[in-house]
Each structure stands twice: as structure tokens, then as C-alpha cells.
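Chemist: dropping a prediction and its sequence here:
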Amino acid sequence: MKCFLIASESAEVLFYWTDPEFQQNVQEKYGASQEEGQGLPAFEDSVSTLFAPIIISCSTMVDRLSDSYTSFTTENNHIYVLQKFDECLYIAVNGDGEESENDMRRKVYVMKKLIEVLFGMVTLSSNLLRKELRPQDTAQRVRLWKHLQSLLETYSHLRDNDQSFLVEAVERLIHPTLCEQCIEFLERRLVQQLNSSVERAGEEVLHAFILVHTKLLAFYSTRSASRLPTSDLLTLIIMAQSMYPSNADLDDPVPEDIESTSGSGPESFYTPEPSPTDRDSSSSDKPVRESTPVFEFMDPDIQMAEDSLQTLEVPPPDPSTPRRVFLEISGKDRPYPMMPHSMYCLPLWPGITLVLLTKIPTSALAISVYKILDAFDQLEKRLSESQEGSAAPRGTPNIHDIRGKLDKLIKTLVTSEVQSAQLQNVWTEFKNRAFARGGSGFNKDLIPWCKNMKTQLCGIYRQYFLIDSGPADIPQRLSPALQERAQTMAQEKLMDWKDFLLVKSKRNITMVSYLEDFPGLVHFICVDRFSDQMIAPSLSIAERTTSELGKGPVAQFIKNKVWNLVSTMRCFLRKGYSTVTLRDGDFYFCYFLWFENENGYKLEAGDIPILPDDSAPIGMLAWDYYRKLLRYKSKNHQGEVVKCYELLTVHLGVIPTEIILQHCRQLASKLWEPSRNPLL
């Protein structure tokens, strides 16, 4: 039994997801309390009633004690994890024992990350975010919640089955020659043609990458593009998998039969012909995906109001319409989070996808809005931290610098169709209070006006980047013909490789090539935390596929051991341990985290920070822990490029400890040899 809920302080449901067992339990509980002759209440109302006492008690503790509980376990062993972000309360519930408290907390933070990528700086205003998460239009709300539920389902599935999402790092397909060819194709043909076309409507392709399931075949960024953070890339992979779900066991030809399959027929990939001649033919992928679903998805929103929503047909989105996503870019002086991009997800074949990220024509406005909003946020913090009644002179210069930029921005907005009158009124009142001789100056009386200014700026951001203004917006994207051209070019490039790629994604690295040098080694995962790339043998647990780990239950047993090892490792890492060795039955586990300079020389092992219990989970999606760890280590190595690595190994317990440690040293030096890695 699982449930996930986002609610406001007034116990208003902003989003929820439940599995079928939890939904049935709620309906039985509240259905039994209804008077005879009355129907079941709307499911959303039942969820709100169920969680209202928890939400109210949590808010009361914050108001009266400035503190609250973050988790608890009920008498029936249901675990509740709560995390408050501004005025929104995230609640995760598990009653079947399949998720630990750490897993649930990680899911909460990942959901927050997904919402930030979908809504950008609007998430900085709780009032606006509540309106976005709970639209007044019923059909729009059903569509949005269904999309968020799909993302949550997709992440949970990947976290439980994909090693790259277990350790939150990118896994590349290991084939240097093909990777190099595909990067060259993206650079010299595909991206160049798209950016030189008049059909791009002002958009510029910044990043292009090819995914095989969740593995990265090739990634190319233009010279004008900044580095795409790993957290954003992993989020985009989740979104791509949600849009075009792939099941490796169904999509891929059986490795043993790869030579006998042509790869072009529907029996191999459950797909129509790979090169559609028009957009209508490409849409034929939809019934295929519906016939081979990844998740047994039951939409609880249909229960919200049975009299109206049972017959409501929510039309699918136009496949040529891009997703608006908000990603971090690197400016000259600082990084700028949540900058608007358009994401085009073009399916080539089931399991193989081309993703394009474009810069939209008005993206420069987002940087201006963020700078101004950040200035007001910093001023609000300084005013809050200052003594009662005292001024905050340190906040004044920053606002003086931003004053002219904001006046200029308002003049620009007046000439456009954006409704900026409210922003102009609030800004005028702020200037009268802060700068005028008769005003109150820079003290705590300005805090409400700082909050108001931030809300108004987020509102301008929302109008520009989240709201569709109708037909005028349609040309502001790559044309459907241009998207089809990109799709066809990529299919032609990979036509002879698609069978190989789908099999390679399942058996990217096998243990066979390591067993001779490392007898007794069962499994390993090595992660370069400087580039956030990982290398690990494939873990296949399907009944129809035999791997080095065995088949079915045996492989599942090893997989569970690996997942438990990663969870244990994170607990020790949180406490400041960079080396962990432990014996578990017939197995011996090792974990090492170390630092090197750019020449490969190991740096002195020093203490790493101990994290408080209420900090975000270690990883990349929930919180960029390793970026902060590298900054912490670099303080003692000025002028050097510091790199960070992680190695997890599983050995048979009969192997002597000294041999295991020798294996770990040799394996660490061997894995990152240039001959064993794809072109970066």
C-alpha cells in the first residue's frame, strides 16, 4: 500500500497518487461510513479527510513550536514521511514494507525536483504554485495530475530496477566507435541543419542526445550551450521514459536469437515501420505503447467525481508540441537555475529516443527576472536577520543596482501584452517606502513588500513561460516537418545498429571479462563523480534471460544485495565514513570514496562532512551532494582540479580479505582506462 500527497497548509489537496491497494482501503473505510442510499464520496474528498488531521497537526506544531515531526510509524506498521517546502507539505506513505523511510524521503525530494523542472521559478511562490498544481479547470487538473503520477511511477520503477538511478549517475553505452560516429552525426548534420533552418521559429538547439532505454548513446552540446547538470539530465531521462515507456524484456530481441531476427518486423519490436512518411503515421506508436504498458496504472482521479469524470475523455497532447522544461545554465558570473527550454522527445523505435533541448527566443528575460527576484530574496533574508528596529544597510546597494534594471523591465513589459500593472504598483509602493525621504527605509517593515515583489515577479515569469497564449504561440517552436526530418535522419543513421543497441543496453558490460582477473568478484559499481558517469555489469533478472548471476531468483537475490549495499553505504557516508567493508552471509561488501587530481594521483584522505539527520538524501536528484563535496575538498587544493570516485564491490565471502582489497585497487585503476570507456 503506497500513497503520495502534496497538500496546502489548509489541507487542500494539490496532488495525490495512490496504488490500487491504498485506493481500495480508503474507499472501503469511507464508503462504510456513508448513510444508506448515498453513494461513495469523491475519492479526492476521502483523501483530504484522511490526511487533514496530520496536515493540521503538522502546521500547528510549526506555528507553536517552530518545529515538527518528519516521520512516524502507525500501529499497523504504515510509515509516514513528511517534508514541508514553503507552504506545501509533501507526504509519502508506505504500508507494504517495500520502501524504507530513506527511500520515501528520497522520493519526496525527487518529486520536488520534478515539479521545479516543470514549473520553474513559479515554485518560488507558494501561492502561484498552488494554482498551478490545482487548476480550476477539471480536465486540465486531471491531465496534469495524470502526468505527475506517470512521472512518479516512472521514477519509482527506475529506482527499483535501473542501476544508474540507484546511484543517480549517467550510464553510457560502451562502444567508443559508434559513440564517436553518433556525436559527429549530431554535431555536423542534425543540429547544424536544425539551427540553420527557417522553420525553427527562433528556437536554437543547444543539446541533443540519443537514449537507448535509460543509457546514453551520444550527447552533443553546441558551443553556446552551458553544461547540462546531471540532476537535470536524469530528470529529462525520467520524462522521456514517462512519455515513451520501454520495457527491456519486451522491446529487445532475445540475445541468443539476435542473429535470426531481422529487427524490422512488428514481432521483434512491437512497432510499425521505423520511417514514417508523415506525422499521422508516426502517431501509430500510441496504440503500440498502450498494448505493452510498463506499469499497471490505475488512475484514481476518475474517482474524484464519478458523475462527471467517468465519461471525461482527456485528449492526448499533440506529439509535435514540446514540453517546457526549466533547467540550470551556467552564466558568466554564476549559475542560473530554472531557465526555460523546450524539450522535444522524438521516438525512433521502442527503446531508442532522440531528445532535443532548445533555447527559446525570450529566454534572456528569465535571467533578468531571476536576478531581480534573487536581489529581493537576499534583501528579505538580511532584513529578517537584522536586529529589531535596526536598518539593513548591506541590502541597500544591491537593490540600488537592481533598481534601474527593474524600471527598464517594467517599461518593456508595458509595451508587450503581459499584464504588469500590479507589478508596477507594488514596485512604486516599495520605492516610496524604501527610497523616499518620508519612507520607512530599509528595515523589517519592508519584508512583506519584498515577499509581494517576489510574487509579482514570479507572476510575470509565469505569464511568459508557462501560459499558452493561444494561436500566437504555435509558431514559437520547431515545425512538425522539421521534427520529422530530425527523426528520419536519426533513424537512417541508426537503422543498421538498432538491434545491436537494444541488446547492448541489456548487456552493456558483463562480468565475463573481469572474472579471469578478479576471481570471486560477483558484482561492482564504479562512479566518476566529477562527470557523474557510472560503469557496472548489467543485472538481468528476467526469467527468460540467463546472465552470469544466474537466472530468476538467484539473480534477484544478488540484485537485492546490491540495492541494500547502496542504501547502507549512504547511511555511513552521511556519518562521515568514506570506507566501508562488511560481511553479509556468503558475501563480502566493500565501498570506497576517494579523491584524485587531474593527473590521477590520489589525494590525502581527509574528513568529509557529517550531515544532519534532517538533510536531503545523498545523491544527485534530491540534492547535488557530490558537487558540494567536491567544492569542500577543493578548498584544501587550490589551483588543482579535484575529482571524486566511488567503488562498490561484492565478493564471495570465501575470498581472503587481503585479496579482496587488492582486487578493489586493481579494479579502480582498470575501469577508467581510455580503451574501456566511450568517447566523453
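Modeler: Yep, that arrived.
Chemist: from here on, contacts and neighbour counts on C-alpha atoms
Modeler: OK.
Chemist: what about P361, distance to C458?
Modeler: Distance of P361 to C458, computed by CA to CA, to the nearest Å: 19 Å.
Chemist: sorry, that was for I525
Modeler: In terms of CA to CA, I525 sits 42 Å off from C458.
Chemist: quick one, which of the two is more surrounded?
Modeler: Comparing I525 with C458 by other CA atoms under 10 Å, the one with more neighbours is C458, at 23 against 19.
Chemist: quick check, that one in a helix?
Modeler: Yes: according to DSSP: H, G, I helix; E, B strand; the rest coil, C458 belongs to a helix.
Chemist: so it touches S126, yeah?
Modeler: No: under the criterion of CA atoms under 8 Å, C458 is not in contact with S126, lying 10.1 Å apart.
Chemist: what sits against E99?
Modeler: Going by CA atoms under 8 Å, 6 or more residues apart in numbering, E99 touches no other residue.
Chemist: by mean pLDDT, flag the weakest helix or strand of this protein.
Modeler: Lowest by mean pLDDT, DSSP states H and E among the helices and strands of the chain is helix 266-269, with a mean of 34.
Chemist: in the stretch 151-300 of the chain, which spans are strands?
Modeler: Assignment of strands within the stretch 151-300 of the chain using DSSP state E, counting those that start in this stretch yields the ranges 170-171, 204-212, 215-221.
Chemist: next one: the second one to chain centre, how far?
Modeler: On the basis of CA atoms, centre = their mean, to the nearest Å, strand 204-212 is displaced by 17 Å from the centre of the chain it belongs to.
Chemist: what helices or strands is it leaning on?
Modeler: When contacts are defined as 3 or more CA pairs under 8 Å, 6 or more residues apart in numbering; DSSP states H and E, strand 204-212 packs onto helix 192-196, strand 215-221, strand 352-359, helix 498-506.
Chemist: can you list contacts of the longest strand anywhere in the chain?
Modeler: Of all segments of type strand in the chain, defined using DSSP state E, the longest is strand 335-349. Residues from elsewhere that reach strand 335-349 (CA under 8 Å, 6+ apart): 116-117, 120-121, 240, 244, 269, 271, 274, 320-330, 353-360, 363, 366-367, 370, 465, 483, 487, 490-491.
Chemist: quick one: low-confidence parts of the stretch 151-300 of the chain?
Modeler: 247-300 (pLDDT under 70).
Chemist: out of the strands of the stretch 151-300 of the chain, flag the one nearest Q533.
Modeler: Set against Q533 and scored by CA to CA, those come closest in strand 170-171, at 4.7 Å.
Chemist: packing partners of that closest one?
Modeler: strand 215-221, strand 533-535.
Chemist: apply 10 Å and report the result again.
Modeler: helix 163-167, strand 215-221, helix 230-243, strand 521-528, strand 533-535 (3 or more CA pairs under 10 Å, 6 or more residues apart in numbering; DSSP states H and E).
Chemist: could those go into JSON lines alongside distance to I183?
Modeler: Listed next are the helices and strands packed on strand 170-171 as JSON lines, based on distance: least, CA to CA, whole Å:
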{"stretch": "helix 163-167", "distance to I183": "21"}
{"stretch": "strand 215-221", "distance to I183": "5"}
{"stretch": "helix 230-243", "distance to I183": "17"}
{"stretch": "strand 521-528", "distance to I183": "21"}
{"stretch": "strand 533-535", "distance to I183": "17"}
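Chemist: which helix or strand contains K431?
Modeler: Using DSSP states H and E, K431 falls within helix 421-434.
Chemist: quick one, which of the helices and strands packed on strand 204-212 is nearest to E9?
Modeler: Among the helices and strands packed on strand 204-212, the nearest to E9 by CA to CA is strand 352-359 (36.0 Å).
Chemist: quick one: strands adjacent to that closest one?
Modeler: strand 204-212 (antiparallel), strand 335-349 (antiparallel) (DSSP bridges).
Chemist: out of these, nearest to C88?
Modeler: Of the strands paired with strand 352-359, nearest to C88 by CA to CA is strand 335-349, at 19.0 Å.
Chemist: angle of the closest one against helix 230-243?
Modeler: On the basis of axes from the mean of the first three to the mean of the last three CA atoms, to 10 degrees, strand 335-349 is oriented at 30 degrees to helix 230-243.
Chemist: can you pull the buried residues of strand 335-349?
Modeler: 336-349 (16 or more other CA atoms under 10 Å).
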